[in-house]
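>>> quick one: sequence and predicted model below, then my questions.
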Amino acid sequence: MQPITLKGRKIVEGHCKAEALVSTKPISFLGGVDPADGKIIERDHDLYGACIKDKVLCFPHGHGSTVGSYVLYSLAKKNCAPKAIINQTADPVVVVGAIIANIPMIDQIEIKKITTGDIAEVDAHKGIIKIWKEKGAKQACI
């Protein structure tokens with residue numbers, strides 16, 4: 001099967017291939033993500049209970065406190081961060097977090113074209129994402 005190729009704007013360079021985790025809602029890393037294990041803890045969020053660890057995390061944009069940048073950095077230091085971040089619109093809090101945590105990031109992507117479970121190859125050097133419409137292995141936070 002041929003992948004779907006999406007072109008966006010590179011924010012933080014890097015490359016990875018992992019299972020996509022997609023949200024239709026903004027994410028706040030401060031108060032919305034458990035800093036101990038990378039689980040979404042915001043009660044009304046569409047990813048409530050899901051783990052962002054080792055995923056290509058796709059969401060429209062971030063929201064919330066600037067401390068969210070440090071939470072993202074802390075998750076990376078605990079090996080609980082996403083492998084990459086894909087946004088429709090880059091938010092300064094998420095951008096700073098991705099930069100200091102060295103997480104590849106691309107924005108200006110229509111995330112509706114990506115589904116949770118797809119395999120996403122992120123080339124943030126070129127601003128390209130290749131999407132394979134197949135289910136990856138489910139992963140829990142550990």
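Yep, it's here. Residues are numbered from 1 along each chain as shown.

>>> quick one: which helix or strand includes the closest residue to Ile100 other than its chain neighbours?
Counting by Cβ to Cβ, 6 or more residues apart in numbering, Ile100 lies nearest to Tyr73, which is 4.7 Å off, once chain neighbours are set aside. C-beta here means a position set from N, CA and C on the backbone, and glycine is covered the same way. Using DSSP states H and E, Tyr73 sits in helix 67-77.

>>> just Pro82 next, same as before
Here Pro82 is assigned to no helix or strand, by DSSP H and E.

>>> surely it touches Ala50?
No. Between Pro82 and Ala50 there is no contact under Cβ atoms under 8 Å: 11.1 Å.

>>> with neighbour numbers in mind, choose between these two.
Between Pro82 and Ala50, counting by other Cβ atoms under 10 Å, Pro82 is the more crowded of the two (28 against 20).

>>> pLDDT value on the more buried one, please?
Note for Pro82: predicted pLDDT of 98.

>>> number of nearby residues for the residue nearest to Leu47 when sequence neighbours are not counted?
Leaving out its chain neighbours, the residue that sits closest to Leu47 by Cβ to Cβ, 6+ apart is Ile40, at 4.3 Å. Applying other Cβ under 10 Å, we find 22 residues neighbouring Ile40.

>>> which stretches of this structure form strands?
Counting by DSSP state E, residue ranges of the strands within the chain are 4-7, 9-12, 15-22, 56-59, 84-87, 105-107, 119-123, 128-132.

>>> give me the sheet partners of the last one and which way each runs.
In the sheet containing strand 128-132, the strands it pairs with under DSSP bridges are strand 4-7 (antiparallel), strand 119-123 (antiparallel).
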